[in-house]
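Engineer: no sequence on this one, just coordinates:
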């Protein structure tokens with residue numbers, strides 16, 4: 001680790017038993033004199049929180065003081081601290097983890113380990129030097145593009161530990177892309193369905209209005225023959241068409257609001273009853289409907305009265 005920390009372009013390096021945005025992490029019972037909580041359990045090396053960019057709220061990180069013979073230290077996140085010691089300072093408090101007494105030496109900000117949309121989970125961190133747990137992940141913070149340092153890091157590592165090769169190098173952005181892949185796929189699918197719905201609405205309204213105008217060809221022709229204003233014909237066709245569209249938009253908005261709760265578990269960070277979104281979608285469909293109705297309406301205003309009167 002000392003060699004890696006001094007490698008060109010590497011700002012800090014550490015070890016961990018699990019990574020954020022990964023379902024592979026352990027859980028354990030945390031007990032105090034008054035309560036117990038089930039929490040995520042992570043074994044980490046010195047400099048872990050600095051390397052990962054997790055702010056330290058209180059206390060300290062693990063360092064050389066946390067050796068095998070030293071009293072066992074533990075760092076807790078804000079959620080675990082609030083569950084066990086609400087409204088009080090947790091530093092120096094003792095907890096029982098797997099029948100071992102540990103002393104809280106630090107509090108860190110909550111992090112996302114299972115998924116980006118999960119609620120903050122109680123988590124505790126213990127030092128590798130005091131657990132004997134083998135490390136699963138090497139984590140580096142670099143000063144440039146992370147992918148460019150993979151070969152250098154692998155070479156430095158293999159010089160010292162040739163029988164424990166590194167593999168599966170990934171950047172944080174790559175881990176984030178994997179974690180967000182299901183949500184992004186859902187967004188693309190729903191977006192595609194939305195686009196198809198708009199196209200179908202345009203085609204359906206255009207066909208319906210065109211058919212209605214065709215059935216009224218003689219009526220419109222007679223009105224034009226006796227001096228009706230073509231603009232009035234356009235307004236009448238548009239008014240009747242948009243009245244039907246308005247009823248449809250009102251019903252669609254109502255049912256969307258009622259059914260939004262079924263989509264709510266897949267949407268995080270925004271409200272499924274967002275008024276701006278409902279207004280935008282309704283306005284978009286209204287514009288599409290107006291465009292679809294305008295074409296046959298203008299066509300109706302250009303009907304030749306003589307041809308209309310001769311048609312059956």
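Structural biologist: Ah, there it is. Remember, it's a predicted structure, so these values are computed and weren't measured experimentally. Numbering: from 1, shown residues only.
Engineer: which residues of the stretch 201-312 of the chain score low on pLDDT?
Structural biologist: For the stretch 201-312 of the chain, the stretches with pLDDT under 70 are 217, 266-269, 307-312.
Engineer: where do the helices sit along it?
Structural biologist: 217-225, 230-263, 275-301, 305-310 (DSSP state H, counting those that start in this stretch).
Engineer: The nearest residue to residue 39 once chain neighbours are set aside: what's it in contact with?
Structural biologist: In space, and not counting its chain neighbours, residue 39 is closest to residue 122: 3.8 Å by CB to CB, 6 or more residues apart in numbering. (Each C-beta comes from the backbone N, C-alpha and C, glycine too.) Residues near residue 122 by CB atoms under 8 Å, 6 or more residues apart in numbering: 30, 37-40, 76-77, 79-80, 83.
Engineer: now swap in residue 151 and tell me
Structural biologist: With CB under 8 Å, 6+ apart, residue 151 has no contacts at all.
Engineer: element containing it?
Structural biologist: helix 150-160 (DSSP states H and E).
Engineer: Determine how far that helix lies from the middle of the whole chain.
Structural biologist: With CA atoms, centre = their mean, to the nearest Å as the basis, helix 150-160 stands 35 Å off its chain's centre.
Engineer: go on, stretch 72-83?
Structural biologist: 26 Å.
Engineer: picking up where we left off before, which of the contacts of residue 122 ranks first by neighbour count?
Structural biologist: Among those, residue 76 has the most neighbours (other CB atoms under 10 Å), with 31 neighbours.
Engineer: any idea how far residue 95 is from that one?
Structural biologist: Computed with CB to CB, to the nearest Å, the distance linking residue 76 and residue 95 is 8 Å.
Engineer: can you list residues touching both of those two?
Structural biologist: Common neighbours of residue 76 and residue 95, using CB under 8 Å, 6+ apart, are 84, 104, 124.
Engineer: Which residue ranges of the stretch 101-250 of the chain form strands?
Structural biologist: 123-127, 137-142 (DSSP state E, counting those that start in this stretch).
Engineer: Could you tell me the least trusted of those strands?
Structural biologist: Lowest mean pLDDT of those: strand 137-142, a mean of 89.
Engineer: about what we covered before: and the helix holding residue 151, what's buried?
Structural biologist: Neighbour-count burial for helix 150-160 flags 153, 156-157 (criterion: 16 or more other CB atoms under 10 Å).
Engineer: Residue 56 touches residue 48, doesn't it?
Structural biologist: No: with contact defined as CB atoms under 8 Å, residue 56 does not count as touching residue 48 (10.6 Å).
Engineer: Looking at the helices of the stretch 201-312 of the chain, spot the one closest to residue 134.
Structural biologist: Proximity of the helices of the stretch 201-312 of the chain to residue 134 was assessed by CB to CB; the nearest stretch is helix 230-263, lying at 42.5 Å.
Engineer: now for that closest one, which elements pack on it?
Structural biologist: Helix 230-263 makes packing contacts with helix 172-215, helix 217-225, helix 275-301 when contacts are defined by 3 or more CB pairs under 8 Å, 6 or more residues apart in numbering; DSSP states H and E.
Engineer: picking up where we left off before, which one among the contacts of residue 122 gets closest to residue 129?
Structural biologist: Nearest to residue 129 among the contacts of residue 122: residue 76, at 18.2 Å, using CB to CB.
Engineer: what sits against the closest one?
Structural biologist: Per CB under 8 Å, 6+ apart, neighbours of residue 76: 39, 84, 90, 104, 106-108, 122-125.
Engineer: how about a markdown table for these, with distance to residue 170 added?
Structural biologist: Below are those laid out as a markdown table (distance: CB to CB, whole Å):
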| residue | distance to residue 170 |
| --- | --- |
| 39 | 26 |
| 84 | 34 |
| 90 | 33 |
| 104 | 32 |
| 106 | 27 |
| 107 | 29 |
| 108 | 23 |
| 122 | 27 |
| 123 | 22 |
| 124 | 25 |
| 125 | 21 |
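Engineer: Which members of those residues occur in helices, if any?
Structural biologist: residue 84 (DSSP state H).
Engineer: I am finished for the moment; much appreciated.
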